[in-house]
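1. I would like to see how this sequence folds:
(2 chains)
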Amino acid sequence: MKQSPADKRITERMAPGVLCREGFLGADRRPLAEILDADRSAVVGLGVTHEQLADRLDEVLRKAVAALGTPVEIRPGLMAVFHEGMGRIPCPWGHGIFPKGEVELADERTGETLRFTPLSVHLIGAHGFYQGCGSCYRIDPESLVRIFGLSD
Amino acid sequence: MSFAVVLIAAGLAALLTAVLAGLLVLAERYLVTYGVCRIDVNAGARTIEREGGEPLLAALKAEGIFIPSACGGRGTCAYCKVRIVEGGGPVGPTELPLLTEQEVGDNVRISCQCKVRNDLRIVIPEELFLVREYRGVVERIRDLTHDIKELRIRLIAPQAIEFVPGQYVQLEAPAYGDNPEPVYRAYSISSPPSDDAHVELIVRLVPGGICTTWVFTMLREGDEVAFNGPYGEFRLSEDAAREMVWIAGGSGMAPFWSILRHMKESSIARKCTYFLGAVGRRDLFFVDELKRLADELPWFRFVPALSGQDAGEWDGQRGLITEVVDRNLTGGADTEAYLCGSAGMIDASIKVLRAKGIPEERIYYDKFN
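-> Have a look, this model is predicted:
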């Protein structure tokens, strides 16, 4: 798939060492549009929307930030903790600047865990971008649906 | 017209655009000359002359004027804002996402994205004239907690630094690994200004952070480092009569560790309560030193608190630091508050402090974000 100049520019900003040490794409060599398409299809197939998933993450983020680093129960068996970080990081699309820090979310019933940042929430909600495969903040839409019980 | 023809035409147009954009960049780099451009800083306070074509941030740095910048001029951190009151031209597309409407209206620009192509008149905060670039040797690195280190840096050139307790410097993390260019990150100076041949910094590991990963995995005692500074307005007010409340945890302690030791050395006996918040015991540091100072200094009260369930045997306060402040702070109308830490902690603390009657204009803070 040929990259548009805009996608090329955004992809360059997602490379390791540009906005953050590890970048946003991990080991994923697919063009950005292909990554976005694949996750869009997955989300549609799961019967949810990017906005719905981002809203759930945002709710967790708010509760975790308010707990000031102390683990907080989102619902029985689902724990979150916010690890603060200094500084800010811009959206690779150029849509604002977001505080650093990350949330660690753990489903104690299944042992499933995931990590996300305030920027992750924006990237999913506004751009449908769940990051490249192998990226440290990659979140599979399927994981979110499972953890938040959206398939019930 | 078939769909395939439309696709080919669109592809050719995109290719042509990319080629033209590339040619423009090359032409600007190798063919266009702007001659010598004059940059007037703060209405004649400094005038510099530079060959045109370089970013304003780089031009100023080359003349010894340091504008805070964390990303090394890549147009991502939005720290290097300056006001260009004349000659700036239109705001570029790489600047727009980093500026508010108000800033655009006020002629604020991202100086690393704004090239010097003609004479300019700019306005910067006066204190930036005092910022210098320093080189030093890491004399000591010690673990304060599982994810916080203290760096003690001996200055090489210049050999001394003058700063106000509460100010910060920008430490340079050199290019390494996948990180192709140096980046700069801000750290409050935790040493007192009397020790002007050294600076101490308290660095907390940020997962995936370019600078903190370098500090934690590559930096060694004896290594040479570079930083610039001092920067920042966070400092004690001149209203010496007011009682103070300090709130900070983790690496947010850094400015207070400098301020407290400076107050002791300078016999500044302002009544002060320091609320130190942490999750568990493993997140605490300097507690014994702070307790000793609280015993020694009649004007200083130290209130450490743990919020985690795993605090175990702990004879101090328990709960979120905001809850502890709420329980322990009485009155407030004549009090000043100083906060350093994450945006979440500061925003939550401000609500508590305001409810205690401390007016917003007397709440000073240094937000990590």
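2. got the contact list for the residue most central in space within chain B?
-> With distances taken as C-alpha atoms, centre = their mean, the residue of chain B nearest its centroid is B:Ala186 (3.6 Å). By C-beta atoms under 8 Å, 6 or more residues apart in numbering or on different chains, B:Ala186 lies in contact with A:Met86, A:Gly87, B:Pro68, B:Ala70, B:Tyr168, B:Val169, B:Gln170, B:Leu171, B:Tyr231. Backbone N, C-alpha and C define where each C-beta goes, glycine included.
3. correct me, but the third one touches B:Gln170?
-> So that's B:Pro68. Yes - the pair B:Pro68 and B:Gln170 passes the contact test of C-beta atoms under 8 Å, sitting 6.3 Å apart.
4. strands of chain A, residue ranges please.
-> Secondary structure of chain A (DSSP state E): strands at A:72-75, A:78-90, A:97-107, A:112-116.
5. what about B:Pro255, which SS state?
-> helix (DSSP: H, G, I helix; E, B strand; the rest coil).
6. for B:Tyr187, see how far away it is.
-> From B:Pro255 across to B:Tyr187, the span is 10 Å (C-beta to C-beta, to the nearest Å).
7. do the same with B:Ser267
-> 28 Å.
8. neighbour count for those two, which is higher?
-> Neighbour count, other C-beta atoms under 10 Å in any protein chain shown: between B:Ser267 and B:Tyr187, B:Tyr187 has more, with 25 against 6.
9. what is the burial count for the residue nearest to that one when sequence neighbours are not counted?
-> Of all residues not flanking B:Tyr187 in the chain, B:Leu201 sits nearest, at 4.2 Å (C-beta to C-beta, 6 or more residues apart in numbering or on different chains). A count of nearby residues for B:Leu201, using other C-beta under 10 Å, gives 24.
10. surely B:Leu201 is in contact with B:Trp257?
-> No - using C-beta under 8 Å, B:Leu201 is not in contact with B:Trp257; the gap is 10.6 Å.
11. shared neighbours, the two?
-> B:Ser190.
12. picking that back up, can you check which residues contact both of B:Pro68 and B:Gln170?
-> Common neighbours of B:Pro68 and B:Gln170 (C-beta under 8 Å, 6+ apart) are B:Ala186, B:Tyr231.
13. who has more neighbours, the two?
-> More neighbours surround B:Gln170 than the other of B:Pro68 and B:Gln170, with 23 against 20 (other C-beta under 10 Å).
14. where's the more buried one, which helix or strand?
-> strand B:168-173 (DSSP states H and E).
15. and the helix or strand just after that strand, which strands flank it?
-> As assigned by DSSP H and E, the chain's next helix or strand after strand B:168-173 is strand B:183-188. Partners of strand B:183-188 in the sheet, by DSSP bridges, are strand B:168-173 (antiparallel).
16. what about the strand it pairs with, distance to the chain center?
-> 8 Å (C-alpha atoms, centre = their mean, to the nearest Å).
17. so what touches that strand?
-> Contact partners of strand B:168-173, identified using C-beta under 8 Å, 6+ apart, comprise B:68-70, B:134, B:179, B:182-189, B:199, B:201, B:210-211, B:214-215, B:225-232, B:234, B:255, B:366.
18. export it to CSV, keeping only CA atoms.
-> Only the C-alpha atoms of strand B:168-173 are listed here, as CSV (Å, rounded to 0.1, in the frame of the first residue of the first chain):
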residue,chain,number,x,y,z
TYR,B,168,15.4,23.9,37.5
VAL,B,169,18.0,23.0,34.8
GLN,B,170,17.6,21.1,31.6
LEU,B,171,19.8,18.0,31.5
GLU,B,172,21.0,16.9,28.0
ALA,B,173,20.6,13.2,27.2
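19. need the residues of chain A near chain B, please.
-> A:2, A:4-5, A:13, A:15-23, A:65-71, A:82-91, A:94-97, A:99-102, A:115, A:136 (C-beta under 8 Å from any C-beta of the partner chain).
20. select only the buried ones of those residues in PyMOL?
-> Buried members of those can be picked out in PyMOL with the line below, counting by 16 or more other C-beta atoms under 10 Å in any protein chain shown:
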select buried, chain A and resi 4+13+16+17+18+19+20+21+22+23+65+66+67+68+69+70+71+82+83+84+85+86+87+88+89+90+91+94+97+99+100+101+102+115+136
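21. how far away is the nearest residue to B:Arg204 once chain neighbours are set aside from B:Glu336?
-> For B:Arg204, ignoring the flanking residues on the chain, the nearest one in space by C-beta to C-beta, 6+ apart is B:Ser251 at 4.1 Å. In this view, B:Ser251 and B:Glu336 are 22 Å apart by C-beta to C-beta.
22. these two: who's more crowded?
-> B:Ser251 (29 against 22).
23. list the contacts of the residue nearest the centre of chain A.
-> Among the residues of chain A, A:Ser120 comes closest to the average C-alpha position under C-alpha atoms, centre = their mean, at 3.4 Å. A:Ser120 makes contact with A:Leu57, A:Gln131, A:Tyr137, A:Ile139, according to C-beta under 8 Å, 6+ apart.
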